[in-house]
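Novice: Sequence first, predicted coordinates after that:
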Amino acid sequence: MSGVVPTAPEQQAREMKTESQEPKSDAPPDYTPQVVPEPPGPVGNYPPANYPGGLPMAYYSPQQPNVFPMYQPTGHTQAIQYQPGKQPMQYPMQYQPALINWMPVPAPMLNCPPGLECLAQLDNIHVHQHLEPLQMVTGFETNNRYDVKNKWDQMVYLVNEDTDDFTRNAYRSLRPFVLRVVDSMGREIMRMQRPFKCSCCCFCCPSARQELEVQCPPGVPIGYVAEHWNLCRAVYSIQNEKKESVMSVYGPCSTYGCGSDSVFEINSLDGTHNIGNIIRKWNGLLSAMGQADHFDIQFPLDLDVKMKAMIFGACFLIDFMYFESSPPQNTHH
């Protein structure tokens, strides 16, 4: 009936139906983000402050996904076991990558363990031990620290000892140790381990001969530095991962570091060819009192990079055996 006036509920239902049939002409409102964009970060893949170096089994970073496939180590990768000491290692404030002049890292190379690309491009390196004032004043043996630089005074690696306080001060130069080699990215790219050898035996006894294992990457041995008994001079053999002798190291016949440089020659096994040298530079009273040693390591530019790393490792075994303070002697009254 046309004359019937709709009730209130019917009128409301008709209006809702009419509104739902009308198309929506307005688009959704624009969303204006309230986040202020941050300025771009520094160029380069440098780690942030207090970046923990020595991450277990981390030879490469997410920013360099193509590094790991370039080197496939043979053999089983061992789990990393830490000695009690200061670990995980961190960058001291004065060694943040932005504050020191690092050597530019070359591109990954075939048949080169990750992290040794810089070493593959050098024919000599300089190892500077840090001066430890606490050790000079109190005699308390602290963890050794070293800067490794090239001939242009660019930082190549940092080397830090990781040994507990009791072992360092009880055994001094005879102590077993772990040395961690860190690159500009904060990665532990090499590790050197010296097991404890009993010094109570005769020096000609094999159980008393010192040995150093070099791992690169950490957990993968690439060679050993083994001491050989000799009455007059220091003699070592540099061995590959199978403990096969590759080179020999001969120290000077005179006393070590007494007013002059000490030259340790790296020769072929037959002794007819000189391959390189490990030279402990004499720095006067600084070397005699502070034990802040300076080594100059020389080797051919085209030498296999693993053998360069082994010569590099031999330098530290020499330093601990001949230029560190001896263990305290017990005196009986």
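Specialist: Structure's in. What do you need?

Novice: can you map out the helices along the stretch 101-250 of the chain?
Specialist: All helices of the stretch 101-250 of the chain, identified by DSSP state H, counting those that start in this stretch, fall at 117-120, 133-138, 165-171.

Novice: any low-confidence regions in the chain?
Specialist: Judged by pLDDT under 70, the chain has its weakly predicted residues at 1-98, 198-208, 255-258, 285-291, 325-333.

Novice: which one's the longest helix in it?
Specialist: The longest helix of the chain (DSSP state H) is helix 305-322.

Novice: quick one: buried residues of that one?
Specialist: Across helix 305-322, burial judged by 16 or more other Cβ atoms under 10 Å covers 305-322. No exception for glycine: its C-beta is placed from N, CA and C like everyone else's.

Novice: Roughly how far does the residue nearest to His126 when sequence neighbours are not counted sit from Ser173?
Specialist: With sequence-adjacent residues excluded and distances taken as Cβ to Cβ, 6 or more residues apart in numbering, His126 is closest to Lys149, at 4.9 Å. Distance, Lys149 to Ser173, using Cβ to Cβ, to the nearest Å: 25 Å.

Novice: out of these two, which sits in the busier spot?
Specialist: Higher neighbour count among Lys149 and Ser173: Lys149, with 19 against 15, using other Cβ atoms under 10 Å.

Novice: picking up where we left off before, beta-bridge partners for the residue nearest to His126, please?
Specialist: Judged by DSSP bridges, the bridge partners of Lys149 are His126, Met155.

Novice: Contacts only, for the closest residue to Gly251 other than its chain neighbours.
Specialist: Leaving aside its chain neighbours, Gly251 sits nearest to Ala234 (3.2 Å; criterion: Cβ to Cβ, 6+ apart). By Cβ atoms under 8 Å, 6 or more residues apart in numbering, Ala234 lies in contact with Glu227, Val249, Tyr250, Gly251, Phe264, Ile318, Met321, Tyr322.

Novice: would you turn those into a markdown table with distance to His294?
Specialist: Below are the contacts of Ala234 laid out as a markdown table (distance: Cβ to Cβ, whole Å):
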| residue | distance to His294 |
| --- | --- |
| Glu227 | 23 |
| Val249 | 18 |
| Tyr250 | 21 |
| Gly251 | 17 |
| Phe264 | 14 |
| Ile318 | 13 |
| Met321 | 17 |
| Tyr322 | 14 |
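
Novice: Out of those residues, flag the one nearest to Leu158.
Specialist: The nearest member of the contacts of Ala234 to Leu158, counting by Cβ to Cβ, is Ile318 at 19.5 Å.

Novice: my guess is Gln193 contacts Leu212, does it?
Specialist: Yes: between Gln193 and Leu212 there is a contact under Cβ atoms under 8 Å: 7.2 Å.

Novice: Please say which of these two ends up with more neighbours.
Specialist: Taking other Cβ under 10 Å, Gln193 and Leu212 do not tie; Leu212 has more neighbours (25 against 19).

Novice: so that one makes contact with Cys315?
Specialist: No: with contact defined as Cβ under 8 Å, Leu212 does not reach Cys315; the gap is 10.0 Å.

Novice: Count the neighbours of Met155 for me.
Specialist: Close neighbours of Met155, defined as other Cβ under 10 Å, add up to 18.

Novice: That one and Phe140: what is the separation?
Specialist: Note on Met155: its distance to Phe140, by Cβ to Cβ, is 28 Å.

Novice: With Met321 instead?
Specialist: Met321 sits 21 Å away from Phe140 when distances are taken as Cβ to Cβ.

Novice: before we move on, what about Lys306?
Specialist: Distance of Lys306 to Phe140, given as Cβ to Cβ: 36 Å.
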